[in-house]
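What would the 3D arrangement of this be:
(one chain, ligands or ions: 1)
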Amino acid sequence: MSHSINIKSAASKEDIYTALLPQVKALVSSKEPVTTALANVAAALSQAFEKISWAGFYIFRDDILWLGPFIGKTACTAIKPGSGVCGTAFAKGETIIVPDVDKFPGHIACDSGSRSEIVVPLAGNKKIIGVLDLDSYDCSTFDETDKKYLEDFCGILKNKLDLDNYIIT
Ligand code: SME
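Residues are numbered from 1 along each chain as shown. This is a model prediction of the structure:
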């Protein structure tokens with residue numbers, strides 16, 4: 001099935017998220033594999049925001065967060081819970097905004113050009129199954145507005161997909 005995303009590039013961050021949310025809702029189908037849905041969500045976010053250099057998911061299996069669907073440069077394949085921004089957000093179960101990656105102790109530099117980052121836990125109905133990670137080549141790209149809307153995005157994924165039974169293979 002073909003899908004496209006329509007966003008006006010001059011719109012404010014809030015306007016972009018408001019336009020994007022219903023489109024993502026329409027994009028994600030419970031009849032399709034979870035990997036399929038996550039791949040298109042990463043692409044939709046990357047398409048909507050010029051400042052995003054990398055968008056993707058890490059999915060927990062066998063005590064490791066494994067690289068999942070993403071768009072951007074090749075990245076670290078395995079992150080331990082508690083390590084880096086992704087592992088910390090996963091272990092704490094809370095969104096972490098990093099305005100300057102050099103000031104986050106233990107930040108894992110998959111791309112040396114990355115300057116700021118946001119990581120949002122991805123939860124099913126029973127447990128946290130991974131994280132959504134967005135990176136940017138600019139400092140301070142992500143703020144509380146991103147946190148609010150990205151948590152909404154993850155809420156849509158929780159409601160529409162069977163995340164608790166998703167096994168990355
Ligand atoms: N910077 C992340 C690692 C993942 S890459 O950014 C894609 C971290 O510190 O966990």
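
Sketch out the low-pLDDT regions of the protein for me.
1-2, 9-10 (pLDDT under 70).

which helix in it runs the most residues?
With secondary structure taken from DSSP state H, the chain has its longest helix at helix 144-160.

outside of that one, which residues touch it?
Outside helix 144-160, the residues that touch it by Cβ atoms under 8 Å, 6 or more residues apart in numbering are 13-14, 17, 20-21, 24-25, 28-30, 37-38, 41, 45, 95, 97, 118, 120-125, 132, 134, 163. For every residue, glycine as well, the C-beta is placed using N, CA and C.

cool, stretch 8-28 as well?
3, 5-7, 37, 40-41, 44-45, 48-50, 145-146, 149, 152-153, 156-157, 160-161.

Let's check: the centremost residue of the protein is which one?
Geometric centre of the chain, nearest residue: residue 132, 2.4 Å, by Cα atoms, centre = their mean.

for the residue of the chain found nearest the ligand, what are its contacts?
Nearest to the ligand, among the residues of the chain, is residue 84, at 2.7 Å (Cβ to the nearest ligand atom). When the contact criterion is Cβ under 8 Å, 6+ apart, the partners of residue 84 are 106-108.

What sits closest to residue 117 if chain neighbours are left out?
The shortest distance from residue 117 to any non-neighbouring residue, by Cβ to Cβ, 6 or more residues apart in numbering, is to residue 98 (4.4 Å).

re the thing from before, any figure for the gap between the residue of the chain closest to the ligand and residue 68?
Between residue 84 and residue 68 the distance is 15 Å, computed by Cβ to Cβ, to the nearest Å.

now swap in residue 149 and tell me
Distance, residue 149 to residue 68, by Cβ to Cβ: 20 Å.

Between these two, which is the more surrounded one?
Neighbours were counted for residue 149 and for residue 68 using other Cβ atoms under 10 Å; residue 68 has more, 24 against 19.

Could you look up the SS state of that one?
strand (DSSP: H, G, I helix; E, B strand; the rest coil).

just checking, it touches residue 60?
No - under the criterion of Cβ atoms under 8 Å, residue 68 makes no contact with residue 60, lying 9.8 Å away.
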